[in-house]
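In: dropping the sequence and predicted coords here.
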Amino acid sequence: MKRLIFTTMICLAAVTAVFAQTTDSVKTITDTTRTRRTRIRLGFGDDVTQVAINDTNVYRSKAPGLSFGLTFTRFDIGLTTLNDNGSFTLSPANQFLNYRSWRSSNIGFDVLQLSYRFSSSFRVYTAGGFDWTNLRLRESVTILRDQPSLSYTQDNIKYRKNRLSSTYIRVPVAFDFRTHDDADGRRFHFVGAAEMGLLISSSVKQESDTNGDVKLSGNYNFAKFRYGASLRVGYGAIGVFGKYYFNNMFDNSPAQDGLRNFSFGMSVGW
């Protein structure tokens, strides 16, 4: 019996030694395995967006030159407000557009970018993206679509939501200044741009107990083309923005002459 126990212990020790040796061998192989590092560029040039795979290297400076490619930057989320001939208070003729300030939003981002970098601190770029403006109306009105000028009807309905929206393709032409990296590897950005936009859609969405949920798309007399200016200031990847458009918000609408759009908020990415 003792011999059997002794033999069993020797066998277990041998098996344990074999497994231990196998584990060490595998570990040795793992230690000597090289990880492939890859950076995928979504375009050409040093300034284009890059996707890093197992590459933790940080590339600080950008060489002068032309770059073009896909991007997902300048993601803006903020508030939109109306400026009525220099005043943020709507005139009596525009009271039907009275809106909820904290629920009227502006959202946008860029998806294409063409840039030329002159130095590590300065570049000029143009981009293409999308921009949404949503006005949450306070009044019980329905903005009429496909009318010669901006028109509305007064309703005897209490709306939970009454939203007038527009979607534009946005095209900024920007001058981007940035400082050198600080001790944390971050820098300040200062960007001034001319902003242009091309209308692609507009709609009204209403929610009420009487009619339920209704969404109507069509022509709501938004300006087909708009132009203005923007300013962006930030640190690291986070910043703030302000955008003001110089032309009227609505076309062919004399009663809304001088009504302009102003937006401001937070922005992510440069």
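Out: Okay, I see it.
In: and Leu135, how far is that from Asp47?
Out: Note on Leu135: its distance to Asp47, by C-beta to C-beta, to the nearest Å, is 36 Å. Glycine gets a C-beta too; all of them are placed from N, C-alpha and C.
In: for Ser253, same thing?
Out: Remark: distance between Ser253 and Asp47 (C-beta to C-beta) = 41 Å.
In: more neighbours, the two?
Out: Using other C-beta atoms under 10 Å, the more surrounded residue of Ser253 and Asp47 is Asp47, with 23 against 19.
In: so where's the stretch 51-200 of the chain uncertain?
Out: Residues of the stretch 51-200 of the chain meeting the criterion pLDDT under 70: 51-62.
In: for Asp257, phi and psi?
Out: phi -60, psi 130 (degrees, to the nearest 10).
In: pretty sure Ser91 is touching Asp84, no?
Out: Yes. With contact defined as C-beta atoms under 8 Å, Ser91 counts as touching Asp84 (5.3 Å).
In: so those two - more neighbours on which side?
Out: Legend: neighbour count by other C-beta under 10 Å for Ser91 and Asp84, higher for Asp84 (18 against 14).
In: OK, contacts around the more buried one?
Out: By C-beta atoms under 8 Å, 6 or more residues apart in numbering, the contact set of Asp84 is Leu90, Ser91, Asn94, Gly258, Leu259, Arg260.
In: out of those, which is nearest to Ala63?
Out: Distance to Ala63, by C-beta to C-beta, is smallest for Arg260 among the contacts of Asp84, at 40.4 Å.
In: now tell me what touches the host helix or strand of the closest one from outside.
Out: Assigned by DSSP states H and E, Arg260 belongs to strand 259-268. Outside strand 259-268, the residues that touch it by C-beta under 8 Å, 6+ apart are 73-85, 94, 97, 106, 133, 226, 228, 232, 234, 237-250.
In: got the angle for the helix or strand hosting Thr73 vs strand 259-268?
Out: If you go by DSSP H and E, Thr73 is part of strand 65-84. Counting by axes from the mean of the first three to the mean of the last three C-alpha atoms, to 10 degrees, strand 65-84 lies at 130 degrees to strand 259-268.
In: hang on, the earlier thing: show me which of the contacts of Asp84 are buried.
Out: Using 16 or more other C-beta atoms under 10 Å as the burial test, the contacts of Asp84 include Leu90, Asn94, Leu259, Arg260 as buried.
In: for this structure, what spans make up the strands?
Out: Counting by DSSP state E, the chain has these strands, from start to end: 38-41, 43-44, 50-53, 65-84, 105-117, 122-136, 141-144, 151-154, 159-178, 188-208, 212-217, 225-235, 238-245, 259-268.
In: contacting residues around the most centrally placed residue in the chain?
Out: Closest to where the C-alpha atoms of the chain average out (C-alpha atoms, centre = their mean) is Phe75, at 1.9 Å. Phe75 sits next to Gly108, Phe109, Ser267, Val268, Gly269 when contact means C-beta under 8 Å, 6+ apart.
In: JSON lines for the buried ones among the contacts of Asp84, including distance to Lys161?
Out: Shown next, in JSON lines, are the buried ones among the contacts of Asp84 (distance: C-beta to C-beta, whole Å):
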{"residue": "Leu90", "distance to Lys161": "20"}
{"residue": "Asn94", "distance to Lys161": "20"}
{"residue": "Leu259", "distance to Lys161": "22"}
{"residue": "Arg260", "distance to Lys161": "25"}
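In: relative to Asn211, which of those residues is nearest.
Out: Closest approach to Asn211 among the buried ones among the contacts of Asp84 (C-beta to C-beta): Asn94, at 25.0 Å.
In: hang on, the closest one packs against Gln256?
Out: Yes. Proximity of Asn94 to Gln256 meets the contact threshold set by C-beta under 8 Å, at 6.4 Å.
In: so Arg100 is in contact with Tyr159, correct?
Out: No. Contact criterion C-beta under 8 Å: Arg100 and Tyr159 do not qualify, at 11.4 Å.
In: between these two, which one's more packed in?
Out: More crowded of Arg100 and Tyr159, by other C-beta under 10 Å: Tyr159, with 22 against 13.
In: dump the residue contacts of the closest residue to the more buried one other than its chain neighbours.
Out: Take Tyr159 and drop its neighbours on the chain: the residue closest to it by C-beta to C-beta, 6 or more residues apart in numbering is Ser208, 4.9 Å away. Neighbouring residues of Ser208 by C-beta under 8 Å, 6+ apart: Ile157, Lys158, Tyr159, Arg160.
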